[in-house]
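1. Just a sequence and a predicted model for now, questions to come.
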Amino acid sequence: MADAADAVDAPGIVIAVSHRGRRTVHCGGSAPPPAVPLDQQRYEIGSASKTFTGLLLAQLVGTGRLSYDDVAAHHLSPGPAPDSAPRNPATLRHLITHTAGLPALPADFYPQALRRWSTDPYGGYPAERVVAAYLRHRPRHRPGTRWHYSNFGASVLGHTLAAATATPWEELIARHVLAPLALTGIRLHPEAPDAPGPRAPGAAGPGTDATGHRPNGLTPVPGLVMGGFQPAGAVRATPGDLLTYLEAHLHPAGTPLESALHTVRRPLLRRGAGHRHTHTLTWFQHPSPQGPLYFHAGATTGQQAFIGFRPATGTAVAAVTTRRIRLRDTFVATAYALLSEEPG
């Protein structure tokens, strides 16, 4: 783990491993040790947040409140659709598996985001705009026929779940995923240490959020506000909470989300040359001599994360770092190598 941390050039890095119930955490990086230890800070996990939204979907479907085959637009805009603008036929399953025929982001997202791309690209695009952009969008391809990674689609899914249950997404994720798995340190907003009075739901306390940096590893960037794209990338977690989350996936039996945790392991689609890339409801899945391993990475304006687990070896890896991704970055490959390492 120390060698892995040394291989990543970043101000701060934490690698946390759980192997057959034993946890090991290593902290490193080029910056001086902070006042709050690295392994006690919260980190932006970016797109790895989608695994939480997918688990939420599996839990709601498992309780009978929704179906994977529900058409998202029916929940977002109930009532008859005008003949001139037929509804997008994409289902909840299409949205979570990136097969809804959507681009990575809405077309009108870029004009407002470009001038603040490196600091706050999402904050000026609220949930209402995400939903409106989806309802007027016409899929490039028939849903279910092509795979294209989409923050847009994952965000629409979160807003659809909120609309279908008449419950804000933050409340849904807290009630159905975070609380049942005892993920007490996870937040959905950057800390606001100077804000007086009670904090909004999901707001962090002072002095606990890690500070991200631009690709040079020197220039700090503010905490990322996700605006209407929260379901695609808002989770901020400590390494300990990430291990707790992954350990629930390793050992679903007896957890409050047992059925949903089993569901998100099942392969749903294959893509790429020779169909060698396998996806579950929420995870990328790769084969190995010791059984399949499941993983997801994420990046924000100043941080990166990798989370993964391999049931056959009882291993989980959560790695976070405080530098934005850059060309020929070794972080994800290093963390993946730890997860895929064969037991001695």
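-> Great, that's in hand.
2. Quick check, Leu57 in contact with Leu157.
-> Yes: using CB atoms under 8 Å, Leu57 makes contact with Leu157 at a distance of 6.7 Å. C-beta here means a position set from N, CA and C on the backbone, and glycine is covered the same way.
3. any common contacting residues for these two?
-> Here Leu57 and Leu157 share the contacting residues 92, 96, scored by CB atoms under 8 Å, 6 or more residues apart in numbering.
4. Give the ranges of residues in the stretch 1-150 of the chain that sit below the confidence cut-off.
-> For the stretch 1-150 of the chain, the stretches with pLDDT under 70 are 79-86.
5. hmm, try it at 80
-> Within the stretch 1-150 of the chain, the segments meeting pLDDT under 80 span 78-87, 140.
6. ok, which stretches of it are helices?
-> 2-6, 50-62, 72-76, 92-96, 109-113, 127-136 (DSSP state H, counting those that start in this stretch).
7. Among those, which comes closest to Phe284?
-> Among the helices of the stretch 1-150 of the chain, helix 50-62 comes nearest to Phe284, with 9.9 Å by CB to CB.
8. Give me the distance from the closest one to the chain's centre.
-> Here helix 50-62 is found 12 Å from its chain centre; the criterion is CA atoms, centre = their mean, to the nearest Å.
9. Other residues contacting that helix?
-> With CB under 8 Å, 6+ apart, helix 50-62 has contacts from 66-68, 92, 96, 154, 157-158, 161, 165, 172-173, 176-177, 231-233, 235, 245, 257, 259-261, 263-264, 281-283, 296, 307.
10. With stretch 283-290 instead?
-> Stretch 283-290 is contacted by residues 51, 54, 264-265, 267, 277-279, 292-296, 310, 312-313, 340, 342-343 when judged by CB under 8 Å, 6+ apart.
11. returning to that earlier point: buried subset of the contacts of helix 50-62?
-> Listed as buried from the contacts of helix 50-62 are 66, 68, 92, 96, 154, 157-158, 161, 165, 172-173, 176-177, 231-233, 235, 245, 257, 260-261, 263-264, 281-283, 296, 307; burial here means 16 or more other CB atoms under 10 Å.
12. Next up, the contacts around the closest residue to Ala133 other than its chain neighbours.
-> If the residues on either side of it in the chain are set aside, Ala133 comes closest to Pro106, at 3.7 Å by CB to CB, 6 or more residues apart in numbering. Neighbour list for Pro106: 125, 129-130, 133-134, 137, 152 [criterion: CB under 8 Å, 6+ apart].
13. Thr238 contacts Gln40, doesn't it?
-> Yes: using CB under 8 Å, Thr238 makes contact with Gln40 at a distance of 6.4 Å.
14. Arg22: which of the contacts of Pro106 is nearest?
-> Checking those against Arg22 with CB to CB, the nearest one is Phe152 at 40.1 Å.
15. where does the nearest residue to that closest one once chain neighbours are set aside fall, phi/psi-wise?
-> Excluding the flanking residues, the one nearest Phe152 by CB to CB, 6+ apart is Leu102, at 4.8 Å. Reported as degrees, to the nearest 10, the phi and psi values for Leu102 are phi -100, psi 150.
16. what about Leu102, how many neighbours?
-> Residue crowding around Leu102 was assessed by other CB atoms under 10 Å; the count is 28.
17. same thing with Pro34?
-> Neighbours of Pro34 (other CB under 10 Å): 17.
18. Same question for the one 3 residues further on.
-> For Pro37, the tally of surrounding residues (other CB under 10 Å) stands at 11.
19. If you drop the residues flanking it in sequence, what lies closest to Ala16?
-> Spatial nearest neighbour of Ala16, chain neighbours left out: Pro239 (4.0 Å); criterion: CB to CB, 6+ apart.
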